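Novice: Make a model of this:
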Amino acid sequence: MSFRADDRCDRSLLKRVAEPVEIKPLFGLSGVLIAAVTSEFNDQVTSIALTDVRGALGIGHDSGTWIESLYVSAEIVGMAISPWLLMTFTLRRWTLFAIALCGASSVLIPFSPNIEAIYALRLLQGLAGGLIIPLLMTAALRILTPNVRLYGLAVYALTATFTPALAATVAAFWTEIVDWRFVFLQTIPLCSLAGVLVWYCLQQDQPRYERFRMLDWRGALLLVIGAGALSTMLYQGDRLDWFNSRPICVLALVSAVAIPLLLVNEWFHPLPLLKLQMLGRRNLAYGALGLFTFLVISQSGSTVPLRYLQEVQGYRPLQSNQLTLEIAASQLVMLPAMALLLDYKRVDSRIVSLVGLALILTSCIGSAFLTVYWNRDQYGRCSKRSVSRW
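Specialist: Below is the predicted model of the structure:
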């Protein structure tokens, strides 16, 4: 009898794997993808074009650092609470709310009357970006069947690697060719298209408002306090001379108290915002740790040099975008190719990951030996001297 049950289960699994993907939900998934790309642009493009934005709005350097800091703090909170809320309000409704919040907060920033209004809108913009990021993975896992899910996850990876690399080119286009306001107004067509696709193509589920009876309000409060204090400390620490500054010491103390309390609360709460017990699964824990490490390494190898060129060498986005555009173009080719390669059963994904990390390590070691003679302004003169010697 048990053999028959297992046999029926196997046949059902094979049927789900072999069934084709419906076209209409794919358009809905595309809408969520566009929303995720928009949220990444709100973060990366604004960061790269911040000098132009500060100059146009009459904001000083120290005040301008809060434009990035507040966004990141709100984004962390949004990413943490979004999975709980989407299960309560349904994927379709919560995605539409996040898209509307993203578009409204972005459009109003260029017309803000004062710096306080910009800070408030930037908080809402970061919150919307954080709410959108988990929605793409959720939609991909729900809509894509197992036989094409790998390719869908490769498209998801574009938001984490391709979009930040493309941000410098987009920032250069808005600030140098069009108008700085489009750093924020770019969300109008993108959010409109995303909202239409999600509205008409994503299936509406039954909401579960009874979950509010077990709302983890204590965890939400600790999350806002702990994550906000930690991210603000990391962003403002260099400007305020780290632990020689009293505000930084206070923020460090607050985060050191609030974050452990948050973890304890989430572990014992019956319906937590963060289900820490899932890290007990070895593959999930290793995958999360590996993804975090990869993002830190990749951002250190791409974002940090770009910020150095802008802050120290005085590069404009139009001058530095060629570096990141090469990275973006290569990823646009390599991500589908890697998905096709990993689709073969004989290919070990661990070996592919090891080769990729080795390439990143090689590029970082090679970049460590760059000198001033590799600078763009010095390269032409250095080449002429070399040619004359020969």
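Novice: Nearest residue to residue 106 in space, please, no chain neighbours.
Specialist: In space, and not counting its chain neighbours, residue 106 is closest to residue 187: 4.1 Å by CB to CB, 6 or more residues apart in numbering. Quick note: C-beta positions are derived from backbone N, CA and C, even for glycine.
Novice: Please apply the same query to residue 239.
Specialist: Nearest non-adjacent residue to residue 239, counting by CB to CB, 6+ apart: residue 65, 6.0 Å away.
Novice: Next, the buried residues of the helix or strand hosting that neighbour.
Specialist: Assigning secondary structure by DSSP states H and E places residue 65 in helix 61-89. For helix 61-89, burial by neighbour count (16 or more other CB atoms under 10 Å) applies to 64-89.
Novice: what's the model's confidence in that helix, averaged?
Specialist: Here helix 61-89 scores 89 as its mean pLDDT.
Novice: Tell me the helix or strand right after it.
Specialist: Moving toward the C-terminus from helix 61-89, the next helix or strand (DSSP H and E) is helix 91-108.
Novice: tell me which strands and helices that following helix is in contact with?
Specialist: Counting contacts by 3 or more CB pairs under 8 Å, 6 or more residues apart in numbering; DSSP states H and E, helix 91-108 is packed against helix 23-48, helix 61-89, helix 115-143, helix 182-185, helix 187-201.
Novice: between it and helix 61-89, how many degrees?
Specialist: Here helix 91-108 runs at an angle of 160 degrees relative to helix 61-89 (axes from the mean of the first three to the mean of the last three CA atoms, to 10 degrees).
Novice: Residue numbering should commence at 36 henceforth.
Specialist: Will do, 36 is the new start, and the previous item becomes helix 126-143.
Novice: Any buried residues in helix 126-143, and which?
Specialist: 126-131, 133-134, 136-138, 140-143.
Novice: Tell me who's in contact with residue 206.
Specialist: 79, 80, 83, 84, 218, 352, 356 (CB atoms under 8 Å, 6 or more residues apart in numbering).
Novice: Now with 7 Å, please.
Specialist: If you count contacts by CB atoms under 7 Å, 6 or more residues apart in numbering, residue 206 has them with 80, 83, 84, 218, 352.
Novice: need those residues in JSON lines with neighbour count, pLDDT and distance to residue 202, can you?
Specialist: Output for the contacts of residue 206, formatted as JSON lines (neighbours: other CB atoms under 10 Å; pLDDT from 0 to 100; distance: CB to CB, whole Å):
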{"residue": "80", "neighbour count": "28", "pLDDT": "87", "distance to residue 202": "5"}
{"residue": "83", "neighbour count": "29", "pLDDT": "83", "distance to residue 202": "6"}
{"residue": "84", "neighbour count": "25", "pLDDT": "84", "distance to residue 202": "9"}
{"residue": "218", "neighbour count": "26", "pLDDT": "89", "distance to residue 202": "10"}
{"residue": "352", "neighbour count": "24", "pLDDT": "72", "distance to residue 202": "9"}
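Novice: Which two of the residues you listed have the greatest separation?
Specialist: Checked with CB to CB, the contacts of residue 206 reach their widest spread between 218 and 352, with 10.3 Å between them.
Novice: any shared contact partners between the two?
Specialist: Contacts common to residue 218 and residue 352, judged by CB under 7 Å, 6+ apart, are 84, 206.
Novice: Quick one: mean pLDDT for stretch 190-198?
Specialist: For stretch 190-198, the mean pLDDT works out to 76.
Novice: Return the set of buried residues in that stretch.
Specialist: 190, 191, 193, 194, 195, 196, 197, 198.
Novice: What of stretch 249-267?
Specialist: 251, 254-255, 257-267.
Novice: ok, so of those, who is nearest residue 161?
Specialist: residue 266 (10.0 Å).
Novice: wait, doesn't that closest one sit right on residue 108?
Specialist: Yes. Contact criterion CB atoms under 7 Å: residue 266 and residue 108 qualify, at 4.5 Å.
Novice: which residues are common contacts for these two?
Specialist: The contact sets of residue 266 and residue 108 do not overlap (CB under 7 Å, 6+ apart).
Novice: Cross-check the contact I'm expecting between residue 265 and residue 290.
Specialist: Yes. The pair residue 265 / residue 290 is scored as a contact, 3.9 Å apart, by CB under 7 Å.
Novice: quick one: common contacting residues for those two?
Specialist: Common contacts of residue 265 and residue 290 (CB under 7 Å, 6+ apart): none found.
Novice: Which residues does stretch 124-141 contact?
Specialist: 67, 70, 73-74, 77, 120-121, 156, 159-160, 163-164, 166-167, 170, 173-174, 219, 222-223, 226, 229-230, 233-234, 237-240, 242.
Novice: ok, 6 Å please
Specialist: Applying CB atoms under 6 Å, 6 or more residues apart in numbering, the external contacts of stretch 124-141 come out as 67, 70, 77, 120-121, 156, 159-160, 163, 166-167, 170, 219, 222, 226, 229-230, 233, 237, 239-240, 242.
Novice: and if you look at stretch 215-222?
Specialist: So stretch 215-222 is contacted by 73, 80, 81, 84, 87, 91, 138, 141, 144, 145, 209 (CB under 6 Å, 6+ apart).
Novice: Repeat that for stretch 103-110.
Specialist: By CB under 6 Å, 6+ apart, the residues outside stretch 103-110 that reach it are 82, 154, 157, 158, 161, 162, 164, 165, 263, 266, 267, 270.
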